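Asks: next come a sequence and a model predicted from it.
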Amino acid sequence: MSVENPVERYLRSDRMPHIWCPGCGIGTTVNCFTRAIDESGIPMDRLAVVSGIGCTGRVAGYMHVDSFHTTHGRAIPFATGLKLAAPDMKVVVYSGDGDLFAIGGNHFIHAARRNLDMTVICVNNLTYGMTGGQLTPTTPEEAIASTSPYGNFEHPFNLPYLAESCGAVYVARWTTYHVTQMKKAMKEALLKKGFSFVEVISPCPTLYGRRNRIGDSLDEMKTYKTRSVIKNGADTKEVDLGMTGPIVVGKFVDRERTTYQDAMEAFYSRKLGNRYVRASQ
Amino acid sequence: MHADPAGVLTGAHFIDGDHACCEGALAGGCRFVAGYPITPSTEVVERIALRFPEVGGVFIQMEDELASSIAIAGAVWGGKRAMTVTSGPGFSLMMEHIGFAIMTETPCVFVNVQRGGPSTGLPTLPAQADMMQARWGSHGDYELIAVCPNSPQECFDLTIKAFNLAEQYRVPVLVMMDECVGHMMERVVIPKPEEIEIFPRRWTKAPLDEYLPFAPGEDLVPDMARAGQGYRFHMTGLTHNEKGYPDMTVSGQARLLGRLIDKIKKNAAALTDVVEDQVDGAEAVVVSYGITSRVAQKAVQAVRAKGLRVGSLRLRTVWPFPEHLIRDLATKVKAFIVPELNLGQMVREVERCAQGARVVSVPHAGGTVHDPAIIVQAITEALR
């Protein structure tokens, strides 16, 4: 008797093995994501995954749904066009910290401001993996990267605070140690109307972990276990990440705001009355 | 297929080229526009913003041109006909997504109302200095299509054509306007919807489990799906195989690029769109495009009045360059004269095909149009 792996139907098996290194956390997030889709009840044919460039940027290519591997930093504006053209699709942007918050930072803040109805999942491994371990906007102070060989002196982004400030309606952070909570957060984000954001702190043992003497992926899991503090509803101002100190995780924001499309349709209906023609699929 | 009557303002209008371009997009079936304000192109999206809510279109003003130029790709894969509109500095920012649209075979339209450059240059004044950027500005090897209107009427006509060509060849099509044509007001006649031909999207009819999103038909162009139909397809800007999966091999690269280039190159004759005037028997031919063609026409009339046998060849499709026409003419004429609002761009293409015939560039740094007397002088000297 053969038993189907519950996540397999969501993946492009004909593309395995994937490109990620042993110990990388991206696969863990994808596993949680497939289970979140499963539990959300969203039909696979109504789900689109859009990625940018980088290690996490390859997620779209492994998902067995309509999937788009776009350009560096531009997954969100691609997803914006897709969502506005096909409003019945659930659109998920799945990408990394460098892609979403360095080159793509401008698009993130504006999509959150507009409250576009999409989910953004950021696998935050604190580095550029694909290009060899350079500094990103989330690399903690003091951390070694290939472009900060003496350590990082830049102040990093606090992603949940950024997302909340810009208008995201759902904001959560977990680590790849917290698989159950991560899956739940992804499911809640998928079912939340509006701009939802899930940050997953994830190991890059090959580059970030090795350079910063964290050890292998298992050591990184132990670090997540000991450093993480669950604080649902925490003030996002207080959830900065450092090389040491607590990793505050939990669901930080869950609120209601009118989405871009609802606002647009209500506004034009009010202003134009019968002259307004809603976009058809 | 004919135009959706909802978008067609049939009748005679007195409007500028930017507004005519907007009406061409509407008549051409465009229902998604993403843009960012930039002189002298802004009037196109201003009119779109006004008109779209009444015709079921979605306009979004994005945070920059990078966003605009990929939002249209997202909308196309969501099922819409889509365009973005810009000018020089914005066009520079859009280069990566012209390449992305070529690689992913995303049919879409980019409008560039050209102004003087480089950099901020002459925001309110004309130039035709992005002609080579249009052809070569994105990285890598590729072919695309660019059209060049010389009047508000042609801004309307060629924008419709741009949408049709984009769908037929699944390639980005560039509408290379300029500040003069964009801001010039003239009579524009918009035909009845049933008189406007629309090339529909090449929707796949393949069964769900047999669809190969990048397997070409006989004309080298693949049929398309949109998100949500159940095909669960993948697309990527990486070199890919017929399934849309990455195939980063020497043979994969050769196969994909070969097809992307051939689907345009092998149709170069069909894509040729020129206006010839007294070219047969001419001693010299003036090759021009866009606003400069109207100035050149005055010069050609002046030299003909003096008894010179001078023809005019106006390019409405500039890319792919109609090299077969120039090669053929080169065996019959003494000289080509190429006036353009740049310091010598398309003249390089004419030189490449001239096979020994004399080629005279009539450059202009931009900011205004040529003085026709300069072109008259160039023609006269070329035939001396």
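Replies: Yep, it's here. Numbering: from 1, shown residues only, chains lettered A, B, ... in the order given.
Asks: can you tell me what sits against stretch B:269-280?
Replies: Contact partners of stretch B:269-280, identified using Cβ atoms under 8 Å, 6 or more residues apart in numbering or on different chains, comprise B:145, B:147, B:161, B:165, B:264, B:285, B:297, B:300, B:304, B:309-317, B:320, B:322, B:324-325, B:329. The C-beta positions use only the backbone N, C-alpha and C, and glycine is treated the same way.
Asks: how about the CA coordinates for it, as PDB?
Replies: Provided in PDB are the C-alpha atoms of stretch B:269-280 (Å, rounded to 0.1, in the frame of the first residue of the first chain):
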ATOM      1  CA  ALA B 269       9.100  41.200 -44.100                       C
ATOM      2  CA  ALA B 270       5.600  40.900 -42.700                       C
ATOM      3  CA  LEU B 271       6.500  43.400 -39.900                       C
ATOM      4  CA  THR B 272       7.800  46.000 -42.400                       C
ATOM      5  CA  ASP B 273       5.600  49.100 -42.300                       C
ATOM      6  CA  VAL B 274       6.900  52.000 -44.300                       C
ATOM      7  CA  VAL B 275       5.500  54.800 -46.300                       C
ATOM      8  CA  GLU B 276       7.300  55.300 -49.700                       C
ATOM      9  CA  ASP B 277       7.000  58.400 -51.700                       C
ATOM     10  CA  GLN B 278       8.500  58.700 -55.200                       C
ATOM     11  CA  VAL B 279      11.200  56.200 -54.300                       C
ATOM     12  CA  ASP B 280      11.100  54.500 -57.800                       C
END
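Asks: ok so, going back, are any of the contacts of stretch B:269-280 buried, and which?
Replies: The neighbour count (16 or more other Cβ atoms under 10 Å in any protein chain shown) marks B:145, B:147, B:161, B:165, B:264, B:285, B:297, B:300, B:304, B:310-317, B:320, B:322, B:325, B:329 as buried among the contacts of stretch B:269-280.
Asks: so what's residue 177 up against?
Replies: Let's take chain A. Contacts of residue A:177 by Cβ under 8 Å, 6+ apart are A:221, A:224, A:225, A:228.
Asks: think we crossed wires, I meant chain B
Replies: Per Cβ under 8 Å, 6+ apart, neighbours of residue B:177: B:17, B:18, B:21, B:41, B:111, B:112, B:113, B:114, B:148, B:149, B:155, B:290.
Asks: tell me which of these fall in helices.
Replies: B:17, B:18, B:21, B:155 (DSSP state H).
Asks: residue B:101: which of those residues is nearest?
Replies: Of all the ones in helices among the contacts of residue B:177, residue B:101 sits closest to residue B:21, with 18.9 Å by Cβ to Cβ.
Asks: can you give me the neighbour number for that closest one?
Replies: Neighbours of residue B:21 under the rule other Cβ atoms under 10 Å in any protein chain shown: 33.
Asks: surely it meets residue B:156?
Replies: Yes - using Cβ atoms under 8 Å, residue B:21 is in contact with residue B:156, at 7.0 Å.
Asks: can you give me the helices in the stretch 101-250 of chain A?
Replies: Under the criterion DSSP state H, counting those that start in this stretch, the stretch 101-250 of chain A contains helices at A:105-114, A:159-166, A:179-191, A:210-211, A:217-227.
Asks: list the contacts of the residue nearest the centre of chain A.
Replies: With distances taken as Cα atoms, centre = their mean, residue A:121 lies nearest the centre of chain A, 1.5 Å away. Listed by Cβ under 8 Å, 6+ apart, the contact set of residue A:121 reads A:29, A:33, A:92, A:93, A:94, A:95, A:186, A:189, A:197, A:198, A:200.
Asks: can you pull the contacts of the closest residue to residue B:249 other than its chain neighbours?
Replies: In space, and not counting its chain neighbours, residue B:249 is closest to residue B:239: 7.8 Å by Cβ to Cβ, 6 or more residues apart in numbering or on different chains. Counting by Cβ under 8 Å, 6+ apart, residue B:239 touches B:246, B:247, B:248, B:249, B:252, B:253, B:256.
Asks: which strand or helix spans residue A:6?
Replies: Secondary structure assignment for residue A:6, by DSSP states H and E: no helix or strand.
Asks: burial count for it?
Replies: Residue A:6 is flanked by 11 other residues according to other Cβ under 10 Å.
Asks: so for it, what pLDDT did the model give?
Replies: On the pLDDT scale, residue A:6 is placed at 85.
Asks: which one of the contacts of residue A:177 sits closest to residue A:135?
Replies: For the contacts of residue A:177, the nearest to residue A:135 is residue A:224 (21.5 Å; Cβ to Cβ).
Asks: all strands of chain A, in order?
Replies: A:47-51, A:66-69, A:90-96, A:119-124, A:170-175, A:196-201, A:228-230, A:247-254 (DSSP state E).
Asks: is it possible to export those to CSV including mean pLDDT?
Replies: Listed next are the strands of chain A as CSV, based on pLDDT from 0 to 100:
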stretch, mean pLDDT
strand A:47-51, 98
strand A:66-69, 98
strand A:90-96, 98
strand A:119-124, 98
strand A:170-175, 98
strand A:196-201, 98
strand A:228-230, 98
strand A:247-254, 98
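Asks: next, the residue of the stretch 201-350 of chain B found nearest chain A: phi, psi?
Replies: Relative to chain A, the nearest point of the stretch 201-350 of chain B is residue B:236 (3.7 Å; Cβ to the nearest Cβ). Phi and psi for residue B:236, reported as degrees, to the nearest 10, are phi -150, psi 150.
Asks: number of nearby residues for the nearest residue to it once chain neighbours are set aside?
Replies: Computed as Cβ to Cβ, 6+ apart, the closest residue to residue B:236 that is not its neighbour in sequence is residue A:69, at 3.7 Å. Neighbours of residue A:69 under the rule other Cβ under 10 Å: 26.
Asks: now swap in the one 4 residues further on and tell me
Replies: Around residue A:73 there are 27 other residues, counting by other Cβ under 10 Å.
Asks: wait, what's in contact with it?
Replies: Applying Cβ under 8 Å, 6+ apart, the residues near residue A:73 are A:52, A:53, A:99, A:100, A:102, A:103, A:104, A:105, A:107, B:66.
Asks: again with residue B:42
Replies: residue B:18.
Asks: what's the answer for the one 3 residues further on, then?
Replies: Listed by Cβ under 8 Å, 6+ apart, the contact partners of residue B:45 are B:22, B:33, B:35, B:37, B:59, B:61, B:85.
Asks: what about 6 Å?
Replies: By Cβ atoms under 6 Å, 6 or more residues apart in numbering or on different chains, the residues touching residue B:45 are B:35, B:85.
Asks: what helix or strand does it sit in?
Replies: Using DSSP H and E, residue B:45 sits in helix B:42-51.
Asks: run the chain-centre distance for that helix.
Replies: 20 Å (Cα atoms, centre = their mean, to the nearest Å).
Asks: my guess is residue B:311 contacts residue B:284, does it?
Replies: No - using Cβ atoms under 6 Å, residue B:311 is not in contact with residue B:284; the gap is 7.3 Å.
Asks: report all helices and strands that the helix or strand where residue B:75 lies contacts.
Replies: Here residue B:75 sits within helix B:65-77, counting by DSSP H and E. When contacts are defined as 3 or more Cβ pairs under 6 Å, 6 or more residues apart in numbering or on different chains; DSSP states H and E, helix B:65-77 packs onto helix A:75-85, strand B:30-35, strand B:81-86, helix B:88-103.
Asks: will you turn the ones you listed into JSON lines that also has mean pLDDT?
Replies: Output for the helices and strands packed on helix B:65-77, formatted as JSON lines (pLDDT from 0 to 100):
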{"stretch": "helix A:75-85", "mean pLDDT": "98"}
{"stretch": "strand B:30-35", "mean pLDDT": "98"}
{"stretch": "strand B:81-86", "mean pLDDT": "98"}
{"stretch": "helix B:88-103", "mean pLDDT": "98"}
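Asks: make JSON lines out of those and add distance to residue A:165 and mean neighbour count.
Replies: What follows is the helices and strands packed on helix B:65-77, written out as JSON lines (distance: least, Cβ to Cβ, whole Å; neighbours: other Cβ atoms under 10 Å in any protein chain shown):
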{"stretch": "helix A:75-85", "distance to residue A:165": "17", "mean neighbour count": "31"}
{"stretch": "strand B:30-35", "distance to residue A:165": "25", "mean neighbour count": "27"}
{"stretch": "strand B:81-86", "distance to residue A:165": "29", "mean neighbour count": "30"}
{"stretch": "helix B:88-103", "distance to residue A:165": "26", "mean neighbour count": "23"}
